[in-house]
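Novice: mind folding the following:
(2 chains, ligands or ions: 2)
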Amino acid sequence: MTVTIAAAKAVNAEKDKDPALIRWLIFVRDRGIFVLWAVLLIAFSIWASPYFASLDNGILIANAAALTAIFAAGIAVGIICGALDLSIPGTAALAGCVCGWLITHGTPTGLAIVVALVLGGFVGLINGLISLRGFNPIIVTIGTLSVMSGAAAGIAGGYTISGLDSLVFMGTDRFAGLPAPVWITAALFALLTVFLTRTRDGIRMMAVGGNAEAVRRSGIHADRYKVLGFVISGFCAALGGLVTTALVTEANPAANVSIIFNALTAVALAGVSLAGGRGSLPRVLVGALILGTISNALTIKGVSPYWATATTGLLLLGSLAVEKWVSTTVSRRLVQHEVKR
Amino acid sequence: MTATALELSNIDMHYGYVRALDGIDIAVRQGEVLGLLGDNGAGKSTLLKVMSGAHQPTSGEIRVHGTAATFGSPADATHAGIQMVYQDLALVDAQDIATNLNLGREILRRGPLGWLGFVDHKAQRRRSAAELEKLGVRTAAVTRPVEMLSGGQRQVVALARGATRVNGEQSGILLLDEPTAALGYEQTQQVQSLIRRLADQGVACVLVTHNLPLAMAVCDRIAVLNRGRKVADIPAAETENDHLVGWITGARASMFAPAPEAAA
Ligand SMILES: Nc1ncnc2c1ncn2[C@@H]1O[C@H](COP(=O)(O)OP(=O)(O)O)[C@@H](O)[C@H]1O
Ligand SMILES: [Mg+2]
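Specialist: Numbering: from 1, shown residues only, chains lettered A, B, ... in the order given. Ligands and ions are numbered 1, 2, ... in the order given. Next comes the predicted model:
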């Protein structure tokens, strides 16, 4: 596995396999969270039997996790691309209020939704363009967070916009037995996952988050991809805002900052490094599902919700420890190899 | 075989009042390895950055394959077939070897998926494995994330990234800034034979290094810079360690008399 000049006899590099330990470590790092979720599901099925392990409860968990997951997708794409987007609650509130205002003023529901989503992408575009000018994205997005919630309150006239019954198809309605938010979340994650791992632009976007200089030196306009990250993040925020609005059929202009913490917990649990450039959306989805699973099981057993928060925190610290362990083990193994030679 | 690939004439480069390069004339031919020696601050990196388009010279002329060129950015130089391997390797750690090697020249899938920008990972991996094999280096599986490579392997990947991009056209020019600075003895040997092999495939290489034995072993010709001036430019076979050290430290007189007739 160390660098070897191939002998005259050509070696088929495609058949090269990494040693078992390295492959196992990569597995733990990349798939560990799926195992963790499976373990939790099994443990809770026994502990909270018979109520936990039922199809209906599964749907309940998925539905509860859906909103967190949508916002987590926005946060994750931002971080993977190299910037923490804190304006998400503001964009969500604004999207909800704009959609609500348009509907109450006679715009067709479909058009109102499209406008709100485009607006979310536009907010991301602004965030991205400002950040490119060399300002710290965290400060920039805190600024836009305030601007957005102010604008949302202005549009709503300080009150919630209620009576948005035409939105129930993306809120409480069910299709093929599954609530609409579950479908929306599934579609969003499928799309973004394919984009990030299979398409040229997605792969470049992840590379920009990891090492923008490397991308630039490959002759690619790295800046475009940074802005694209903000645009996607803004779109997810708007989508989350619309689903929130649809669930209660009213648009609330107050930006709910706590969604950032839930989403960020799911993202961190999924091992998306704040340093950028790494992370996978399926893991983020499972991160959100784990949060939903824990609070669901504890609720069934009548345990106070504070314990759900505490358990989540412990899991988070545990996942950090595992990640640290994997990376130190790998580097120690590699050093050993160098020394042996 | 000896067409001139890259030629710089009378290059001046000022950083404010600092004169980093002073009337440099230098050329490298296809298939030739040109060593660039000099003390710290002699101007080696600056000269390489002028060649790679990262810096614009204050004055002077650059010719690529005989035609005058001005590089406004590294992208312009890349376009002209010049690749630079930087001291900091600039790899994307979280991505695997194949993705790093293919960044910026991705293979898209055929048909409608390709129109949507879908990448053909399999083809990319095949190409990377083949390219590494052609260079005669084996690192790890091309699906290994770069962050899970040792220092030597990372260096090889960075070199290969530059090399694969100039290797396609025979006219390629590869600039290397201290490629062995972080490597042990054996890995240095490997990088040395990689550079030699590239030159044999027709690539023009410019190699900045502090490692005199490496320079003597791998270079066809060696140029020495001293405080922004070229003080020696000589085939490696016609010089020896002591002379090079003398030129580097300034103890030995310049090959080019400082009098005006030197320009002729
Ligand atoms: N960006 C810069 N700004 C000002 N001076 C610089 C800069 N880069 C290099 N120099 C100066 O130019 C001279 C040549 O530097 P450099 O090309 O890095 O030398 P070398 O690579 O041979 O060690 C040195 O005196 C150095 O201090
Ligand atoms: Mg230098």
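Novice: what residue lies at the spatial centre of chain A?
Specialist: A:Ala73 (2.3 Å; Cα atoms, centre = their mean).
Novice: could you say which helix or strand holds that one?
Specialist: Using DSSP states H and E, A:Ala73 falls within helix A:55-80.
Novice: quick check: closest non-adjacent residue to the residue in chain A that chain B sits nearest to.
Specialist: Nearest residue of chain A to chain B, counting by Cβ to the nearest Cβ: A:Ser218, 3.3 Å away. (C-beta placed from N, C-alpha, C; glycine too.) In space, and not counting its chain neighbours, A:Ser218 is closest to B:Gly104: 3.3 Å by Cβ to Cβ, 6 or more residues apart in numbering or on different chains.
Novice: can you report phi and psi for that neighbour?
Specialist: The phi/psi pair for B:Gly104 (degrees, to the nearest 10) reads phi 90, psi -10.
Novice: spit out the contact partners of it.
Specialist: A:Val215, A:Ser218, A:Gly219, A:Ile220 (Cβ atoms under 8 Å, 6 or more residues apart in numbering or on different chains).
Novice: which one in these is the model shakiest on?
Specialist: Among those, A:Gly219 has the lowest pLDDT, at 78.
Novice: I'd say that residue and B:Thr78 touch.
Specialist: Yes - if you go by Cβ atoms under 8 Å, A:Gly219 and B:Thr78 touch, sitting 5.0 Å apart.
Novice: who has more neighbours, the two?
Specialist: It is B:Thr78, of A:Gly219 and B:Thr78, that has more neighbours when counted by other Cβ atoms under 10 Å in any protein chain shown, with 20 against 17.
Novice: enumerate the residues of the stretch 101-250 of chain B near chain A.
Specialist: For the stretch 101-250 of chain B, the residues in contact with chain A (Cβ under 8 Å from any Cβ of the partner chain) are B:103-106, B:108, B:116-119, B:121, B:125-126, B:129-130, B:132-133, B:136-145, B:147-153, B:156, B:184, B:186-187, B:190, B:193-194.
Novice: is there a quick PyMOL command that grabs whichever of these are buried?
Specialist: To isolate in PyMOL the members of those that are buried, counting by 16 or more other Cβ atoms under 10 Å in any protein chain shown, one can use:
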select buried, chain B and resi 103+104+106+108+117+118+119+121+125+126+129+130+132+133+136+137+138+139+140+141+142+143+144+145+147+148+149+150+152+153+156+187+190+194
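Novice: give me the number of neighbouring residues for A:Val168.
Specialist: 13.
Novice: which ones are touching it?
Specialist: Counting by Cβ under 8 Å, 6+ apart, the residues that A:Val168 touches are A:Ala246, A:Thr249.
Novice: now it: how far from ligand 1?
Specialist: As for A:Val168, its distance to ligand 1 is 62 Å (criterion: Cβ to the nearest ligand atom, to the nearest Å).
Novice: which parts of stretch A:304-320 are buried?
Specialist: Buried, per 16+ other Cβ under 10 Å, within stretch A:304-320: A:Ala308, A:Thr309, A:Thr311, A:Thr312, A:Leu315, A:Leu316, A:Ser319.
Novice: which of these are close to chain B?
Specialist: Of the buried residues of stretch A:304-320, not one also sits near chain B (Cβ under 8 Å from any Cβ).
Novice: export these to CSV and append columns for pLDDT, distance to ligand 1 and secondary structure.
Specialist: Output for the buried residues of stretch A:304-320, formatted as CSV (pLDDT from 0 to 100; distance: Cβ to the nearest ligand atom, whole Å; DSSP: H, G, I helix; E, B strand; the rest coil):
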residue, pLDDT, distance to ligand 1, secondary structure
A:Ala308, 84, 54, helix
A:Thr309, 83, 51, helix
A:Thr311, 87, 52, helix
A:Thr312, 84, 48, helix
A:Leu315, 84, 47, helix
A:Leu316, 85, 43, helix
A:Ser319, 83, 42, helix
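Novice: tell me which stretches of the chain form helices.
Specialist: The chain I'm using is chain A. Assigned by DSSP state H, the helices in chain A fall at A:20-47, A:55-80, A:88-104, A:109-132, A:137-156, A:180-198, A:200-210, A:212-217, A:222-248, A:258-269, A:281-300, A:305-340.
Novice: not what I meant, chain B
Specialist: Going by DSSP H, chain B shows helices at B:44-52, B:74-79, B:97-102, B:112-115, B:121-135, B:151-167, B:185-200, B:212-218, B:241-249.
Novice: output those as CSV; include the columns distance to A:Lys301 and mean pLDDT.
Specialist: Shown next, in CSV, are those (distance: least, Cβ to Cβ, whole Å; pLDDT from 0 to 100):
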stretch, distance to A:Lys301, mean pLDDT
helix B:44-52, 64, 93
helix B:74-79, 61, 83
helix B:97-102, 45, 93
helix B:112-115, 48, 91
helix B:121-135, 45, 90
helix B:151-167, 50, 82
helix B:185-200, 58, 85
helix B:212-218, 68, 92
helix B:241-249, 76, 93
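Novice: check those helices for me and report the most buried one.
Specialist: helix B:97-102 (a mean of 26; mean count of other Cβ atoms under 10 Å in any protein chain shown).
Novice: so which elements touch that one?
Specialist: helix B:121-135, helix B:151-167 (3 or more Cβ pairs under 8 Å, 6 or more residues apart in numbering or on different chains; DSSP states H and E).
Novice: quick one, which of these is nearest to B:Ala69?
Specialist: helix B:151-167 (15.7 Å; Cβ to Cβ).
Novice: before we move on, the earlier item: if you rank the contacts of B:Gly104 by neighbours, which is first?
Specialist: Neighbour-wise, these (other Cβ under 10 Å) top out at A:Val215, 25 neighbours.
Novice: hmm, B:Asn100 and it touching each other?
Specialist: No - here A:Val215 does not reach B:Asn100: they are 10.4 Å apart, not a contact under Cβ under 8 Å.
Novice: and the most centrally placed residue in chain B, what are its bridge partners?
Specialist: Per Cα atoms, centre = their mean, the C-alpha nearest to the average position across chain B is that of B:Leu175, at 1.3 Å. Going by DSSP bridges, B:Leu175 is paired in beta bridges with B:Met84, B:Val206.
Novice: verify the stated contact: it with B:Tyr86.
Specialist: No - counting by Cβ under 8 Å, B:Leu175 stays clear of B:Tyr86, with 9.1 Å between them.
Novice: for the residue of chain A closest to chain B, list the residues it contacts.
Specialist: So A:Ser218 contacts B:Leu103, B:Gly104, B:Arg105 (Cβ under 8 Å, 6+ apart).
Novice: burial count for the closest residue to A:Ala251 other than its chain neighbours?
Specialist: Nearest in space to A:Ala251, with sequence neighbours left out and distances taken as Cβ to Cβ, 6+ apart, is A:Gly100 at 3.4 Å. Per other Cβ under 10 Å, the neighbour tally for A:Gly100 reads 28.
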